[in-house]
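Chemist: structure of the sequence below:
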Amino acid sequence: MDEFIKLLDNNLSYTSHEILGDTIFINIVSNRQQVFCPYCGKSSVKTHSYYERRFQDIPMHGKKVQYVLHNRKMFCSNTECSYATFAERFDFIPANWKITQRLKEEIVNISINVSSLTASDLLRHHIANVGKSTICNLLKKK
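Modeler: So this is what the prediction gives:
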């Protein structure tokens with residue numbers, strides 16, 4: 001399973017998983033030694049705290065996939081930076097998103113030719129828990 005997680009990002013490690021109903025919950029953690037501040041670019045090794053970040057990905061073996069990332073909040077080591085802390089970020093999922101980029105593309109591909117209600121029903125039953133407002137927002141951005 002760790003090799004599968006490395007396909008998302010080499011800086012992640014698999015810790016455990018659980019299958020509940022139609023969803024696989026996969027717990028992952030970062031294995032980076034240092035993290036770079038997104039505001040000033042200075043590296044940091046000092047952890048402020050941890051929090052749980054959940055996001056959805058494309059289905060696996062007919063089950064919806066939800067990652068549970070035990071993400072770090074870091075202290076910025078640059079005293080001149082206007083931000084004292086920052087959250088660790090990853091390329092495969094933009095900040096504040098609840099879905100991966102590849103799931104976003106899948107949602108848009110399915111939703112482009114049907115109504116948002118139809119797409120929402122189809123997606124909820126087979127791919128991911130996505131509401132019609134999310135679908136509309138993604139289609140507007142396309």
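Chemist: looking at it, residue 66 is touching residue 56, isn't it?
Modeler: Yes: because the distance of 5.4 Å satisfies CB atoms under 8 Å, residue 66 is recorded as touching residue 56. All C-beta atoms are positioned from the backbone trio N, CA, C, and that covers glycine.
Chemist: who's more crowded, those two?
Modeler: residue 56 (22 against 18; other CB atoms under 10 Å).
Chemist: and the helix or strand harbouring the more buried one, what does it pack onto?
Modeler: With elements taken from DSSP states H and E, the one containing residue 56 is strand 47-60. Packing contacts for strand 47-60, counted by 3 or more CB pairs under 8 Å, 6 or more residues apart in numbering; DSSP states H and E, involve strand 63-75, helix 101-111.
Chemist: show residues contacting the following helix or strand past the last one.
Modeler: Towards the C-terminus, the helix or strand next in line after helix 101-111, according to DSSP H and E, is helix 116-126. Applying CB atoms under 8 Å, 6 or more residues apart in numbering, the set of residues contacting helix 116-126 from outside is 59, 107, 110-111, 114, 129-133, 135-136, 139.
Chemist: rerun that using 7 Å as the cut-off
Modeler: The list of residues contacting helix 116-126 from outside it, by CB atoms under 7 Å, 6 or more residues apart in numbering, reads 107, 110-111, 130-132, 135-136.
Chemist: swap in stretch 89-96?
Modeler: Residues from elsewhere that reach stretch 89-96 (CB under 7 Å, 6+ apart): 8-9, 38, 55, 100-101.
Chemist: domain parsing for this protein?
Modeler: Residue ranges for the structural domains of the chain, counted by automatic domain parsing, are given in the record as 1-96, 99-142.
Chemist: same list (those domains) but as CSV, adding mean pLDDT.
Modeler: Formatted as CSV, the entries for those read as follows, by pLDDT from 0 to 100:
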stretch, mean pLDDT
domain 1-96, 95
domain 99-142, 90
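Chemist: could you give the bridge partners of residue 69?
Modeler: residue 28, residue 53 (DSSP bridges).
Chemist: right, and residue 25 touches residue 64 too?
Modeler: No: taking CB atoms under 7 Å as the definition, residue 25 is not a contact partner of residue 64, at 9.6 Å.
Chemist: okay, those two: which has more neighbours?
Modeler: residue 64 (22 against 15).
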